[in-house]
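Undergrad: Have a look; sequence and predicted model below, questions after that.
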Amino acid sequence: MAFFESQGFSLAYDEIAGDGRPVVLIHGFASNRAENWKRLGWYGAFERRGMRMAALDLRGHGESAKPHEPGAYARSALAADVVALLDRLGAERADLVGYSLGARVAVAAALLAPKRFPLLVLGGVGGRLFEPAPPGTPMAEAMEADDPESIPNSLLRSFRRFADEQKEDRLALAAMARQRDESLTRDIVGHLAMPVLVVAGSRDELAGDPGTLAAAIPGARSVTLPGCDHFSAIPHALFKAAVFDFLDGVLE
């Protein structure tokens, strides 16, 4: 574990030594680098392949700083943190793998500094990325609820339970959920000029069809993981196989 400073915040990350340009992993909402990537076998997979890898805790998560002001979580600020991590690693370029929230941050980072990210993997997202955010702040309210069993929406209740299991700072997560960024549109993602892979489970109602998102990105490819929902896709062997084939340039 190590730390670096970005825009006045201390951010935690892990690095695995290896060959080639690094791959940076960006976790999902209410998760962290240890849960999303290490426990679910991604660190070991990169080690076995001898590839250089880095995974960070986004601000508000894991061992990184946890401000309670929504403005601290602008997507552009999170994207700048990713670029700052490359500088910390001494890497001119890195491939990006993001899951769910991490995929949205990966898109923002790739648009912010396109020459620094040659390949992009967007996991746990699909056609629903283009849908407008629901009215109000239901995720923030779920994080602030005194009793998770009082949350009527089953998906929000699952996120809240997961945050509690991870011992995350719920007020920081609520602040992040209250930050409203510009919606990602087909026009915005259409500016991605690097090769992109979109991966989501066939039962992932939060993501929607990965092919719909891939169709909006020039030259992008998509993979649907059979039988997987939003939470079971991350450790799936087919997800890892698709990512490594894409990074190796052999994905059909």
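TA: That came through fine. Numbers count the residues shown, from 1 in each chain.
Undergrad: who does L56 bridge with?
TA: Taking DSSP bridges, one finds Y13, I26 as the beta-bridge partners of L56.
Undergrad: how close does it get to F4?
TA: 9 Å (Cβ to Cβ, to the nearest Å). Where you see a C-beta, it was placed from the backbone N, CA and C, and this is true even at glycine.
Undergrad: what's the residue sitting furthest away from the middle of the chain sitting at in phi/psi?
TA: The outermost residue of the chain relative to its centre, with distances by Cα atoms, centre = their mean, is S150 at 27.9 Å. Phi and psi for S150, reported as degrees, to the nearest 10, are phi -80, psi -10.
Undergrad: any idea how far it lies from R170?
TA: 14 Å.
Undergrad: swap in G28?
TA: Taking Cβ to Cβ, one finds G28 at 16 Å from R170.
Undergrad: Which one's more surrounded, the two?
TA: Using other Cβ atoms under 10 Å as the criterion, G28 and R170 rank with G28 on top: 26 against 19.
Undergrad: Name the nearest residue to that one, sequence neighbours excluded.
TA: Among residues not flanking G28 along the chain, S100 sits closest, at 3.5 Å (Cβ to Cβ, 6 or more residues apart in numbering).
Undergrad: what's near enough to touch that neighbour?
TA: 28-29, 123-125, 206-207, 230 (Cβ atoms under 8 Å, 6 or more residues apart in numbering).
Undergrad: In strands only, show me these.
TA: Members of those lying in strands (criterion: DSSP state E): G123.
Undergrad: And the contacts of S100, which is closest to L197?
TA: Distances from L197 to the contacts of S100, taken as Cβ to Cβ, are shortest for G123 (8.6 Å).
Undergrad: give the contact list for the residue lying closest to the closest one once chain neighbours are set aside.
TA: Nearest non-adjacent residue to G123, counting by Cβ to Cβ, 6+ apart: Y99, 4.2 Å away. Residues in contact with Y99 (Cβ under 8 Å, 6+ apart) are 26-28, 36, 123-124, 234.
Undergrad: Please apply the same query to A17.
TA: Residues near A17 by Cβ under 8 Å, 6+ apart: R52.
Undergrad: pLDDT score for it?
TA: At A17, the model reports a pLDDT of 96.
Undergrad: can you pull the buried residues of the longest helix anywhere in the chain?
TA: Ranked by residue count, the top helix of the chain under DSSP state H comes out as helix 75-89. The neighbour-count check on helix 75-89 (16 or more other Cβ atoms under 10 Å) flags 75, 77-86, 88-89 as buried.
Undergrad: Nearest to G249 among those?
TA: Among the buried residues of helix 75-89, and counting by Cβ to Cβ, the member closest to G249 is L86, at 21.2 Å.
Undergrad: wait, I217 sits on I188?
TA: No. With contact defined as Cβ atoms under 8 Å, I217 and I188 do not form a contacting pair (10.1 Å).
Undergrad: Would you mind telling me which of these two has the busier surroundings?
TA: Neighbours per residue, other Cβ under 10 Å: of I217 and I188, the larger number sits with I217, 23 against 16.
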